[in-house]
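Novice: Only the shape, not the letters, is given here:
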Ligand SMILES: Nc1nc2c(ncn2[C@@H]2O[C@H](COP(=O)(O)OP(=O)(O)OP(=O)(O)O)[C@@H](O)[C@H]2O)c(=O)[nH]1
Ligand SMILES: [Mg+2]
């Protein structure tokens, strides 16, 4: 039997937003109720059917890298940021700051330096930035059960819709409800589409090159934002 190809997807966001709950839900289709804080990183694997139901259907492993969000570990977690093919940005719908902080998370992942570099951060705080990355991203707001739909939608209106600014999809979930990602639900379809995109960018591009912007040999390939380069 042929080996199954895999892609690496990061889950990042502030401590306590629910990354570990979400990771477990995605990988096992059931919730965990008492996760412990993640120290370093924990990896779960999910088998995904690429373009399910079409003639191109194929199985891939999705490695879900659940990064511990504590700021104490900021300087050491850059070791997890190599060769990433997709990013899931996680925020807590009851905590607006956790959504605003996703800009710092993006800066941290791209810089591998803790997101403290103001100059580079300012570059990201720019709608054009969305066009400068080739890496698929999705935004997931957790704790929908506590926030409610109305408040969740209000968060976007009040704080600026980062997902829209960056041209990414978004969804809201209650990670403690096993039905949140039930097959056929709109959340499950959006997530599946995101994984398809990650696989497509990694394995099915016509130029045959890995599009990972985390490949150290390649600069960002945007005509819109030529100043953005990876730093080691
Ligand atoms: N009510 C509710 N609680 C949630 C939800 N998602 C996560 N939680 C709770 O939020 C707390 C933190 O969840 P974790 O998954 O450990 O958070 P984390 O982002 O992994 O945190 P770090 O590992 O410190 O980075 C736990 O008590 C979860 O049960 C949700 O959708 N609804
Ligand atoms: Mg965790």
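Specialist: Nice, thanks for sending it over. Quantities reported herein were computed from a predicted structural model and do not represent experimental measurements. Ligands and ions are numbered 1, 2, ... in the order given.
Novice: By mean pLDDT, which helix or strand of the chain comes out lowest?
Specialist: helix 118-124 (a mean of 45; mean pLDDT, DSSP states H and E).
Novice: and residue 70, what does it touch?
Specialist: 15, 37 (Cβ atoms under 8 Å, 6 or more residues apart in numbering). Where you see a C-beta, it was placed from the backbone N, CA and C, and this is true even at glycine.
Novice: For the longest helix anywhere in the chain, name the packing helices and strands.
Specialist: Counting residues, the longest helix found in the chain (DSSP state H) is helix 186-203. Packed against helix 186-203 by the contact rule (3 or more Cβ pairs under 8 Å, 6 or more residues apart in numbering; DSSP states H and E) you find strand 6-12, strand 41-50, strand 58-67, strand 86-92, strand 137-142, strand 169-172.
Novice: I'd like those strands laid out as JSON lines, including mean neighbour count and distance to residue 193.
Specialist: JSON lines is the format used below for these (neighbours: other Cβ atoms under 10 Å; distance: least, Cβ to Cβ, whole Å):
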{"stretch": "strand 6-12", "mean neighbour count": "23", "distance to residue 193": "14"}
{"stretch": "strand 41-50", "mean neighbour count": "16", "distance to residue 193": "11"}
{"stretch": "strand 58-67", "mean neighbour count": "19", "distance to residue 193": "13"}
{"stretch": "strand 86-92", "mean neighbour count": "26", "distance to residue 193": "12"}
{"stretch": "strand 137-142", "mean neighbour count": "25", "distance to residue 193": "9"}
{"stretch": "strand 169-172", "mean neighbour count": "19", "distance to residue 193": "7"}
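Novice: Would you tell me which of those gets closest to residue 182?
Specialist: Closest of those to residue 182 is strand 169-172, at 13.3 Å (criterion: Cβ to Cβ).
Novice: what's next to the closest one, contact-wise?
Specialist: So strand 169-172 is in contact with 93, 138-142, 144, 147, 149, 152, 161, 163-164, 186-187, 190-191, 193-194, going by Cβ under 8 Å, 6+ apart.
Novice: Show me which of those residues are buried.
Specialist: For the contacts of strand 169-172, a burial check counting by 16 or more other Cβ atoms under 10 Å picks out 93, 138-142, 144, 147, 152, 163, 187, 191, 194.
Novice: Switch these over to CSV, and while doing so, append pLDDT to every line.
Specialist: Shown next, in CSV, are those (pLDDT from 0 to 100):
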residue, pLDDT
93, 93
138, 96
139, 96
140, 96
141, 95
142, 96
144, 95
147, 89
152, 67
163, 85
187, 96
191, 97
194, 97
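Novice: thinking again about what came up before, next, see if the longest helix of the chain gets close to ligand 1.
Specialist: No. Between helix 186-203 and ligand 1, judged by Cβ under 6 Å from any ligand atom, nothing touches; the nearest distance is 11.8 Å.
Novice: Now do that helix against strand 137-142, angle only.
Specialist: Orientation of helix 186-203 against strand 137-142 (axes from the mean of the first three to the mean of the last three Cα atoms, to 10 degrees) gives an angle of 150 degrees.
Novice: what does helix 186-203 contact?
Specialist: Taking Cβ under 8 Å, 6+ apart as the rule, helix 186-203 contacts 5, 7, 9, 26, 48, 50-52, 60, 62, 85-86, 88, 134-136, 138, 169, 171-173, 180-182, 210-212.
Novice: remind me which residues of the protein are low pLDDT?
Specialist: Along the chain, the model assigns pLDDT under 70 to residues 1, 112-133, 150-160, 206-232.
Novice: picking that back up, taking the buried ones among the contacts of strand 169-172, tell me the two that lie furthest apart.
Specialist: 147 and 194 (21.8 Å).
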